[in-house]
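Novice: What would the 3D arrangement of this be:
(2 chains, ligands or ions: 2)
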Amino acid sequence: MTIELKDIKKIYQVGTQQVAALNGIDLNIKKGEFAALMGPSGSGKSTLMNILGCLDRPTEGSYKLDGAEVAHLGDDELAKTRNKKIGFVFQNFNLLSRISALENVALPLVYAGVGYKERHERAHYFLRAVGLDDRAEHQPNELSGGQRQRVAIARALVNDPSIIMADEPTGNLDTKSTREIMNIFMDLHEQGKTVILVTHEPEIAECASRQLLVRDGKITKDVGKGVKMDVV
Amino acid sequence: MLFRESVIIAIKALFANKMRSILTMLGIIIGVGAVIAMVSVGMGVRKQVQDSIASLGSNMLIVTAGAPRVNGVRQAAGSGEKLKLDDADAIKKKIKNIDYVAPNVQKSYQVVNGNQNWNTTVYGITSEYMMIRSLTVKSGSFITTNDMNTRNRVAVIGATVASNLFGESNPVGKNIRINNDPYKVIGVLASKGQSSMGQDQDDCVLIPITTAMERLMALTSIRTINIQVSSADKIDMVQEQVETLLRQRHRIKKPADDDFEVRNLTSIMETMTNTTTMITLLLGSIAAISLLVGGIGIMNIMMVSVTERTREIGIRKALGATFKDIMLQFLIESIVVSVIGGVIGIGVGCGAAMAISQVGSFTTVITIEPILLSFLFSVGIGLFFGIYPARKAAKLDPIEALRYE
Ligand SMILES: Nc1ncnc2c1ncn2[C@@H]1O[C@H](COP(=O)(O)OP(=O)(O)OP(=O)(O)O)[C@@H](O)[C@H]1O
Ligand SMILES: [Mg+2]
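Specialist: Ligands and ions are numbered 1, 2, ... in the order given. Predicted coordinates for the structure are as follows:
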């Protein structure tokens, strides 16, 4: 599973003004890499992540996922790609508030057409993997921030995607929860999954094998391609 | 996504907003209930009219004196009382395919027994009247041809008259006075109860038509002749023959000058049925408007619900829900509301129809057609008014939906 971006641009039209959130991104990420995106606020990290996660489409440029051009996919095919190939973790968790942790985790499987029994088995398995099986029947508002993010990670993993993307997954968490979450991501990396995450904190970026710096919609620094190195 | 999951998601969403779901359903409940109640009232009126016409007997022709009425206005001048007892005899003798011919006259009188008196209608009839109205005597006997020929002062009385003049005792063989003349009671009719129009059919006194015309009412002409035709397919033919015969006897050259009118119960029944069907449709469609309003209520709530749940939609889409999945989820939600509303509405409508017939004095008839129709209609409304909000939800862009505050 490889990611190839060529000259990706994302231009927003705000009134009469054009805002280039991404201004020519060239980026290759190989299968099994652990990449951290850093950069100042408003530099375009989230915009890039949304495009990588197939939640959004670039205005210009080419994005090949596994050799297939994503820009050519229809809405439903994009939805299928999100469902099967990518697990996305958000800064604000984005759990459905009215259903239990277990049902939240099982949700992608519903859209994958998996039957009830298997859905619940797999959801339980991944809740156990993030250490929350005893909270399966709790609703999100009965969980701590760290626990919610672990539920969200279990949800991202449940359909066995090869890429995990996380946009500031620890942005709303305390140090202890942050460490727990980062351990999970490192485990996933060791299991051979491609992990891409956005962070503001250098200590977190350190966990990754590759650090990318985004500035004004461009990648201005790319450190440790494939090899684990210290942060700049 | 599996259909079962969509239904479960929809039902959970409805339960999460119980009060709102109930209020939305109320529109459909009232709509479906009103359609069923109104149509059952209309059908009740129709049944009443049909019963009352049918109670006059089957395959009936009714000859009345006077020129035919068009829109309630007599067409020919000099509506002389020209229908004679001989006309009835002639019809009986000359025309085939007739079972009974029953001429009659009627007038209201005070009937007296000792110090008891009672106001009732006195009918002058022939012995065939009994057949044509399917009357039976409970005790005593009916008026015979002999009574007619000899103009006897005999009477057969209805159950209401009997109980009002004689109480518990048997009236047969006793005398009553009509217009100060004594009449011997020879029979009491078996009770027929109220007619479907609410008229007491037992409130009558029957005497021989000859006695009535010559000795009581001093009439030379009769009012109506009831003719029972032997079979339904002969009615039109017999009607024509009766008209031709009467024109001949009354020396009338063209139908416009007719001094009598022959009416056909079957055709009266048809017109009445058409009229009452129209009434039913009218009532039903007025009620259907409230169903439509209920549907608009569903649409309104669904629009609010889609806006409220924009983030939820964004999350579902981010996790892989397709256009179809979201569309189905919201469509099923609005259909579930309308189906549950429809089912409750059927209960309410049937209940209301029964209540109306209990409290009000008229019959209601609950039939399966309006129930099925209004149920399907409510499902259709859920579908129709659900489509727009569901499409709106399904078309949301995942990123914009996730960003929605
Ligand atoms: N929907 C939009 N319409 C207009 N401009 C937008 C939109 N989304 C993002 N932008 C602009 O694009 C630029 C990049 O935004 P983005 O959210 O990617 O930044 P970021 O690097 O994730 O910042 P942060 O670290 O604060 O999360 C910003 O200047 C922002 O104003
Ligand atoms: Mg961001």
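Novice: what bridges to the residue nearest to the spatial centre of chain A?
Specialist: Centroid check for chain A by CA atoms, centre = their mean gives residue A:165 as the closest residue, at 1.6 Å. Residue A:165 has the following beta-bridge partners by DSSP bridges: residue A:88, residue A:196.
Novice: Was I right to think it contacts residue A:52?
Specialist: Yes - here residue A:165 lies in contact with residue A:52, judged by CB atoms under 8 Å, at a distance of 6.1 Å. C-beta here means a position set from N, CA and C on the backbone, and glycine is covered the same way.
Novice: any residues in contact with both of these two?
Specialist: Common neighbours of residue A:165 and residue A:52, counting by CB atoms under 8 Å, 6 or more residues apart in numbering or on different chains, are residue A:196.
Novice: Quick one: the strands in chain A, in order.
Specialist: With strands called from DSSP state E, chain A shows them at A:3-14, A:17-29, A:34-38, A:60-65, A:68-69, A:86-89, A:163-167, A:194-198, A:210-215, A:218-223.
Novice: would you list those in TSV and tack on mean pLDDT and distance to residue A:109?
Specialist: Below are the strands of chain A laid out as TSV (pLDDT from 0 to 100; distance: least, CB to CB, whole Å):
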stretch	mean pLDDT	distance to residue A:109
strand A:3-14	94	24
strand A:17-29	94	26
strand A:34-38	96	26
strand A:60-65	94	21
strand A:68-69	90	23
strand A:86-89	96	12
strand A:163-167	95	17
strand A:194-198	96	21
strand A:210-215	94	31
strand A:218-223	92	35
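Novice: Quote the end-to-end distance of stretch B:395-405.
Specialist: Stretch B:395-405 stretches 18 Å from its first residue to its last (CA to CA, to the nearest Å).
Novice: now swap in stretch A:131-150 and tell me
Specialist: 8 Å.
Novice: Same question for stretch A:198-212.
Specialist: 9 Å.
Novice: Mind listing what's buried along that stretch?
Specialist: Residues A:198, A:199, A:204, A:205, A:207, A:208, A:209, A:210, A:211, A:212 are the ones in stretch A:198-212 that count as buried (16 or more other CB atoms under 10 Å in any protein chain shown).
Novice: hang on, isn't the third one packed against residue A:171?
Specialist: Meaning residue A:204. No - with contacts counted by CB under 8 Å, residue A:204 stays clear of residue A:171, the gap being 9.9 Å.
Novice: SS state for the residue nearest the centre of chain B?
Specialist: In chain B, the centroid-proximal residue (CA atoms, centre = their mean) is residue B:46; its distance is 2.0 Å. Using DSSP: H, G, I helix; E, B strand; the rest coil as the criterion, the local structure at residue B:46 reads helix.
Novice: coming back round to it: now for the buried residues of stretch A:198-212, which pair is the farthest apart?
Specialist: A:198 and A:209 (15.6 Å; CB to CB).
Novice: Show the backbone phi and psi for the closest residue to residue B:284 other than its chain neighbours.
Specialist: Excluding the flanking residues, the one nearest residue B:284 by CB to CB, 6 or more residues apart in numbering or on different chains is residue B:39, at 4.6 Å. Phi and psi for residue B:39, reported as degrees, to the nearest 10, are phi -60, psi -40.
Novice: Enumerate the residues of chain B near chain A.
Specialist: B:1-2, B:5, B:12, B:16, B:311-312, B:314-325, B:398-399, B:402 (CB under 8 Å from any CB of the partner chain).
Novice: Among the residues you listed, name the buried ones.
Specialist: For the residues of chain B next to chain A, buried by 16+ other CB under 10 Å: B:1, B:5, B:311-312, B:314-323, B:325, B:398-399, B:402.
Novice: Name the residues that touch stretch B:155-168?
Specialist: B:111-113, B:116-118, B:120, B:137-138, B:140, B:142-143, B:171, B:174, B:176, B:178, B:183-191, B:200-207.
Novice: Swap in 6 Å and give it another go.
Specialist: With contacts defined as CB atoms under 6 Å, 6 or more residues apart in numbering or on different chains, stretch B:155-168 is touched by B:113, B:116, B:118, B:120, B:142, B:171, B:183, B:185, B:187-189, B:191, B:200, B:202-207.
Novice: Can you say which of those are buried?
Specialist: Looks like the contacts of stretch B:155-168 have B:113, B:118, B:120, B:142, B:171, B:183, B:185, B:187-189, B:200, B:202-207 buried, using 16+ other CB under 10 Å.
Novice: Make JSON lines out of the strands of chain A and add distance to ligand 1.
Specialist: Below are the strands of chain A laid out as JSON lines (distance: least, CB to the nearest ligand atom, whole Å):
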{"stretch": "strand A:3-14", "distance to ligand 1": "3"}
{"stretch": "strand A:17-29", "distance to ligand 1": "3"}
{"stretch": "strand A:34-38", "distance to ligand 1": "8"}
{"stretch": "strand A:60-65", "distance to ligand 1": "15"}
{"stretch": "strand A:68-69", "distance to ligand 1": "23"}
{"stretch": "strand A:86-89", "distance to ligand 1": "14"}
{"stretch": "strand A:163-167", "distance to ligand 1": "7"}
{"stretch": "strand A:194-198", "distance to ligand 1": "7"}
{"stretch": "strand A:210-215", "distance to ligand 1": "7"}
{"stretch": "strand A:218-223", "distance to ligand 1": "12"}
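Novice: the longest helix in chain A is where?
Specialist: helix A:175-190 (DSSP state H).
Novice: Distance across stretch A:153-169, terminal residue to terminal residue?
Specialist: First-to-last residue span, stretch A:153-169, CA to CA: 9 Å.
Novice: Report the buried residues of that stretch.
Specialist: A:153-159, A:161, A:163-169.
Novice: got it, and stretch A:74-83?
Specialist: A:78, A:79, A:80, A:81, A:82, A:83.
Novice: is it true that the first one touches residue A:54?
Specialist: Yes - taking CB atoms under 6 Å as the definition, residue A:78 is a contact partner of residue A:54 at 5.0 Å.
Novice: May I have the phi/psi pair for residue B:376?
Specialist: Residue torsions, per degrees, to the nearest 10, at residue B:376 are phi -60, psi -40.
Novice: pLDDT value on residue 72, please?
Specialist: I'll assume chain A. Listed pLDDT for residue A:72 reads 83.
Novice: try chain B instead
Specialist: Confidence score, pLDDT, at residue B:72: 54.
Novice: Who's the closest spatial neighbour of residue 214, skipping the chain neighbours?
Specialist: Since no chain was named, I'll use chain A. residue A:39 (3.6 Å).
Novice: Can you look at chain B instead?
Specialist: According to CB to CB, 6+ apart, the nearest residue to residue B:214 is residue B:151 (6.1 Å).
Novice: any idea how far chain B is from residue A:92?
Specialist: 9 Å (CB to the nearest CB, to the nearest Å).
Novice: oh, I was asking about residue A:113
Specialist: 6 Å.
Novice: swap in residue A:206?
Specialist: For residue A:206 relative to chain B (CB to the nearest CB), the value is 28 Å.
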